[in-house]
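1. Structure, please.
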Amino acid sequence: MLGSYEIRTDLALEAREQFTEKNMEIRGVEVRENYDEEKDIRTTVVKITTENGAKAMGRPQGNYITIEAPGLSMPDEDYHREISREIATHLRNLISLERETSILVAGLGNSAITADSLGPHVVENLRITRHMIKEYGLKSLGKEQMHRISGIIPGVMAQTGMETSEILKGIVAETRPDVVIAIDALAARSTRRLNRTIQITDTGIHPGSGVGNHRIGLTEKNLQTKVIGIGVPTVVDAATIVHDSMAHLLDALEEAERKEFLEEMISPHLHTMFVTPKDVDETVKYLSFTISEGLNLAFC
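-> Next comes the predicted model:
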């Protein structure tokens with residue numbers, strides 16, 4: 001934090017980079033990176049293993065998988081198919097699928113706001129199977145084994161008057177899924193990661209946290225079942241853009257001067273503003289199909 005300016009990000013990778021930039025090591029945080037040059041896909045796994053690591057990172061203990069793919073914002077079907085396969089692989093590693101598994105996919109966000117509509121669009125593109133299995137049985141579908149996929153678009157509190165966690169608690173209690181997968185739009189620290197990065201974590205998700213609208217978390221503790229969070233950063237804090245634009249100048253200043261400069265230059269109202277790319281409408285469509293296809297490949 002520099003004065004009243006705080007780097008805001010939902011990505012564990014970016015939180016870890018803040019310490020790397022200062023040449024600081026954190027005990028209890030492991031990082032593993034892999035770059036596929038042929039596919040141009042970089043996968044970084046940040047694993048928080050101790051309470052000390054969790055406190056330093058400001059995130060719960062668990063695994064945070066970040067897939068960085070520059071072509072994600074482009075309409076290249078072959079490239080998006082590779083990303084879908086990557087998502088499916090990581091989901092299978094995080095979820096035990098040795099038996100028929102019941103999976104509830106929750107598409108978080110406001111479908112009326114494009115940058116926040118990723119979750120609802122993913123659920124719209126899913127292959128839902130729970131009702132068919134329940135109604136007709138596996139034999140009628142020509143399958144010996146099939147996972148039970150159900151989906152819900154719970155909306156946001158302004159639309160329903162209820163916390164997302166309250167809605168999902170009721171659904172989980174009634175349908176008893178083995179795992180909940182929550183899809184949401186995130187906020188990034190870096191503009192280069194907007195719409196080009198996917199984070200998968202086994203620690204759940206906190207709706208609205210990226211834009212400072214903190215809601216009750218969707219976690220295993222709260223829902224009493226395993227929760228996987230999947231998100232894509234679709235917005236960036238306006239103050240971050242100002243900060244990045246002045247990066248070279250800031251590097252030349254001492255810590256105290258930098259702090260004072262930021263307090264003077266970054267207006268308080270910028271901390272309530274979020275920016276998204278102008279082509280976000282088309283990009284969110286590509287991303288939602290890519291993620292839903294990843295889910296379909298993993299479970300169907």
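
2. by contact count, what packs against the helix or strand hosting Asn93?
-> Following DSSP states H and E, one finds Asn93 within helix 77-94. Judged by 3 or more CB pairs under 8 Å, 6 or more residues apart in numbering; DSSP states H and E, helix 77-94 is in contact with strand 41-48, strand 62-68, strand 197-201, strand 226-237, helix 280-299. C-beta coordinates here come from the backbone N, C-alpha and C atoms, glycine included.

3. Let's have these in JSON lines, adding mean neighbour count, mean pLDDT and distance to Val156.
-> Shown next, in JSON lines, are the helices and strands packed on helix 77-94 (neighbours: other CB atoms under 10 Å; pLDDT from 0 to 100; distance: least, CB to CB, whole Å):
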{"stretch": "strand 41-48", "mean neighbour count": "20", "mean pLDDT": "94", "distance to Val156": "28"}
{"stretch": "strand 62-68", "mean neighbour count": "21", "mean pLDDT": "95", "distance to Val156": "24"}
{"stretch": "strand 197-201", "mean neighbour count": "25", "mean pLDDT": "96", "distance to Val156": "20"}
{"stretch": "strand 226-237", "mean neighbour count": "25", "mean pLDDT": "92", "distance to Val156": "15"}
{"stretch": "helix 280-299", "mean neighbour count": "21", "mean pLDDT": "93", "distance to Val156": "16"}
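
4. Out of those, which gets nearest to Asp184?
-> strand 226-237 (4.9 Å; CB to CB).

5. Kindly export the closest one (C-alpha atoms) in CSV.
-> Presented in CSV, the C-alpha positions along strand 226-237 are these (Å, rounded to 0.1, in the frame of the first residue of the first chain):
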residue,chain,number,x,y,z
LYS,A,226,-16.2,-28.4,-1.7
VAL,A,227,-16.2,-25.1,-3.6
ILE,A,228,-14.1,-24.4,-6.8
GLY,A,229,-13.8,-20.8,-7.9
ILE,A,230,-13.2,-19.9,-11.6
GLY,A,231,-12.8,-16.3,-12.6
VAL,A,232,-11.5,-14.0,-15.4
PRO,A,233,-10.4,-10.4,-14.7
THR,A,234,-12.7,-8.2,-16.8
VAL,A,235,-12.1,-4.9,-15.0
VAL,A,236,-9.1,-2.9,-13.6
ASP,A,237,-9.1,-0.2,-11.0
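
6. Sheet-wise, list the partners of it with their directions.
-> strand 179-188 (parallel), strand 197-201 (antiparallel), strand 274-275 (antiparallel) (DSSP bridges).

7. what's the closest non-adjacent residue to Glu86?
-> Ile67 (5.7 Å; CB to CB, 6 or more residues apart in numbering).

8. can you list the weak-confidence ranges in the stretch 151-300 of the chain?
-> Along the stretch 151-300 of the chain, the parts satisfying pLDDT under 70 run over 208-215, 242-273.

9. cutoff 50 now
-> 210-211 (pLDDT under 50).

10. circling back: make CSV out of the helices and strands packed on helix 77-94 and add distance to Leu13.
-> Formatted as CSV, the helices and strands packed on helix 77-94 follow (distance: least, CB to CB, whole Å):
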stretch, distance to Leu13
strand 41-48, 5
strand 62-68, 4
strand 197-201, 8
strand 226-237, 11
helix 280-299, 18
